[in-house]
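**Q** build the 3D model from these lines:
(2 chains)
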Amino acid sequence: MSNLDPIHQKVLGNERLSEHEALTLFRQGSLYDLGFLAAAIRRKMHPGPVVTYVIDRNINYTDICISACKFCAFYKGPEDAGGSVLSFEDLKKKIDETQQLGGTQILLQGGLHPDKQLEFYEDMLRFIKTTSIHIHGFSPPEICHFARISGLSAAGVIERLRKAGLDSIPGGGAEILADRVRQLAAPRKCSADEWIEVMRQAHLQGMKTTATMMFGHIETLEERLEHLLRIRDLQDETGGFTAFIPWPFQPDNTAYSHLPKATAHTYLKMLAWSRIVLDNVPNIQASWVTQGPKIAQVSLFFGANDFGSTMIEENVVAAAGVTFKLSEAEIRSLVEAAGFVPQQRTMDYSFVTVDEDHRGQKRCQ
Amino acid sequence: MDSLVKSVGLGDILEKVQDGERLSVADGIRLFQSPDLLAVGYLANIVREQKNGNNAYFIYNQHINYSNICTNLCKFCAFGKDKNSDLAYEMSVEDVRQKVRERISEPITEIHMVGGIHPDLPYSYYTDLLQVIKEERPDVHIQAFTCVEIAHLAEISGLGTAGVLEDLKRAGLGSIPGGGAEVFSPRIRELTCEKKLSGSGWLEVAKTAHKLDLHTNATMLYGHIESIEERMEHLDMLRRAQDETGGFLAFIPLSFHPKNTELSRLSRTSGVDDLKNIAVSRCFLDNFPHIKAYWVMIGQKLSQIALSFGADDVDGTVKEEIITHMAGAETEQAMSRDQLLRLIREAGRIPIERDTLYNVINSY
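**A** Numbers count the residues shown, from 1 in each chain, chains lettered A, B, ... in the order given. Modelled structure (predicted):
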């Protein structure tokens, strides 16, 4: 404990830890060392008692993917039967349902489809934009894939998509931003440098994005830190990340199904560590989809200030055998039971004001 | 970290905990009301490490619920059924023998057996149950019949509490589980389980058992209609009883599961409340050696976190748990030894396989 005192002092004094200190804190720190520090930083960054959440739906426009990542249970190879592409009609239906439930955005992601051209995605965006919903879509591996297919640069693809209606970019496909891990687990996916470059270009064009990390498979603790530091460095440069969302790898039905699943203790430590290291990213999201409502609620004391999304629909984690479901009302009551004030937000963390009567009606529908 | 606990106004309780001084009921209420979950957990973790070091206990056990037929039909229970219900069941003595035989090759050290308050099974049925289990597994420890069932058996046998306990002990009973305590407050019992043995009746049975060298556990069913004051009253009554006899081994807070009960309009307990119940009971029950986070109730994930919030035991391998699952528990039915070991190790604790009486069987 005593050798962690200087680390405590540094963190509480708003000083950045060296890599060695950050690793020591994770390895030797108890749940309380990490939790207390993360809670202190969270309080500094968010002095009010508010915990935010967004009402949205994950729409996966296709499960056909040429990437074949070993940690994924969702994709179908182009030669597999059963893969499909969502029709625009179905897309519309899903968006209408989302808006009826008070949803403000969709998270639009899909596999790396071998044949669809950039124009297909532009048409999709223009079509969706007729509903005026916020489109949080196309993670960096998709953008890189579109660049390869179209021969454009990442910046060029982003510009085209932005003009067609893309509002912001989700932080998926980051997995672990260390090339050793990517070579082994997802060799056909974009490299760590490419992932960072997509985000840099998006930020330079004035778009906001999020960042994620999927930990607990074949990476080392040093590689997790490398990941956090790459996010922090880019954030120093651009300031374009709104939130960071770490979650543990869910092994069922993947090529890595023999690996044990990271436990809740490790999750809470990782969450807290992320809050401490990423001192320049404003929001940290709890992952109720992988952790369930109880741990997600407890994570509000380990650095998380956001409950993520209601996820009216979620397919990717569900394919790995994890099926937690939470309604907006349940999210609100979990937040309240933890002593915080629930607040609906948009992607850029502006508050959505809904009068309580209206919310009541939505719940009854 | 001590300064962080002081900064949220719990410095006096921190001092008491560090000096091994007993907390008052008012202290317990303050801990329940504190918005700072981490500070409350930190205090409980100090007590936990004073009492049990870095050990985290588990047991290789088998649960048998011999019948769900029950005359009490408590409002918080989804297990108990009227005799004429389509969902009612009752195992014969030979059925129970079969249950034991099915898993005879496994290294089970404890059989945990409870059931409803059955209107017509004769007293001999219960002693027969104990005897067939012992015939099949002579070395197994049988932890069976809550204080509520014991009071019922005392009545139908005509032997009285002490008499029936001695008789059951002769037939193979090793210890008594902690169920049926619910919340001792007469107000709560009247509203939720008016036909059940009273709180003072429950404590009398437990104390009588202790005097006959039968160890027992204690529970509290929280998260329904009880107040924080009623929780603390319950813990206080347990602490007083333990001062008298010293016979309680573990306290096990049980989270209310509303589904399929008459109180199904209530919501499930939250993770924060689950951890607070573990933590406050660890701080307050200074004379209880063990606090158990029963994973069947709160889930594997939260029971692991509870090992840092005061708990030193996660129960065991279980298998075929019925009572909580009938009330909508979404937890698994069983955990393997490997899963338990991993869960405990990742929490930074030392896994200790124990027997019912907390003798060490194996340290990993």
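**Q** and the helix or strand encompassing residue A:148, what's buried?
**A** Element membership of residue A:148, judged by DSSP states H and E, is helix A:140-150. By 16 or more other Cβ atoms under 10 Å in any protein chain shown, the buried positions in helix A:140-150 come out as A:140-147, A:149. Glycine gets a C-beta too; all of them are placed from N, C-alpha and C.
**Q** was I right about residue A:62 contacting residue A:114?
**A** No. The criterion here is Cβ atoms under 8 Å, and residue A:62 misses it with residue A:114 at 10.3 Å.
**Q** gap between the closest residue to residue B:295 other than its chain neighbours and residue B:123?
**A** Excluding the flanking residues, the one nearest residue B:295 by Cβ to Cβ, 6 or more residues apart in numbering or on different chains is residue B:303, at 3.8 Å. To residue B:123, residue B:303 is 37 Å away according to Cβ to Cβ, to the nearest Å.
**Q** more crowded one of those two?
**A** The neighbour comparison of residue B:303 against residue B:123 (other Cβ atoms under 10 Å in any protein chain shown) goes to residue B:303, with 28 against 18.
**Q** what kind of secondary structure is that one in?
**A** Put simply, residue B:303 is helix when judged by DSSP: H, G, I helix; E, B strand; the rest coil.
**Q** now swap in residue B:254 and tell me
**A** Applying three-state DSSP: residue B:254 is strand.
**Q** residue contacts, it?
**A** Residue B:254 is in contact with B:219-222, B:294, B:297, counting by Cβ atoms under 8 Å, 6 or more residues apart in numbering or on different chains.
**Q** same thing but at 7 Å, please
**A** B:219-221, B:294, B:297 (Cβ atoms under 7 Å, 6 or more residues apart in numbering or on different chains).
**Q** out of those residues, who's the most crowded?
**A** residue B:297 (26 neighbours).
**Q** from what I see, that residue and residue B:252 are in contact.
**A** No. Using Cβ atoms under 7 Å, residue B:297 is not in contact with residue B:252, being 8.5 Å away.
**Q** for the stretch 51-200 of chain B, just list every one of the helices.
**A** Ranges of helices in the stretch 51-200 of chain B, per DSSP state H, counting those that start in this stretch, are B:93-102, B:123-136, B:147-157, B:160-171, B:186-192, B:199-211.
**Q** count the residues that sit near residue 45.
**A** Since no chain was named, I'll use chain A. By the criterion of other Cβ under 10 Å, residue A:45 has 16 neighbours.
**Q** try again with chain B
**A** When neighbours are defined as other Cβ under 10 Å, residue B:45 has 23 of them.
**Q** which SSE is it in?
**A** Following DSSP H and E, one finds residue B:45 within helix B:37-52.
**Q** what residues of that helix count as buried?
**A** Buried residues in helix B:37-52, defined by neighbour count with 16+ other Cβ under 10 Å: B:37-48, B:51-52.
**Q** next one: stretch B:217-227
**A** When burial is assessed from 16+ other Cβ under 10 Å, stretch B:217-227 yields the following buried residues: B:217-224, B:226.
**Q** one more: stretch B:146-160?
**A** Within stretch B:146-160, the residues scored as buried using 16+ other Cβ under 10 Å are B:146-154, B:156-157, B:159.
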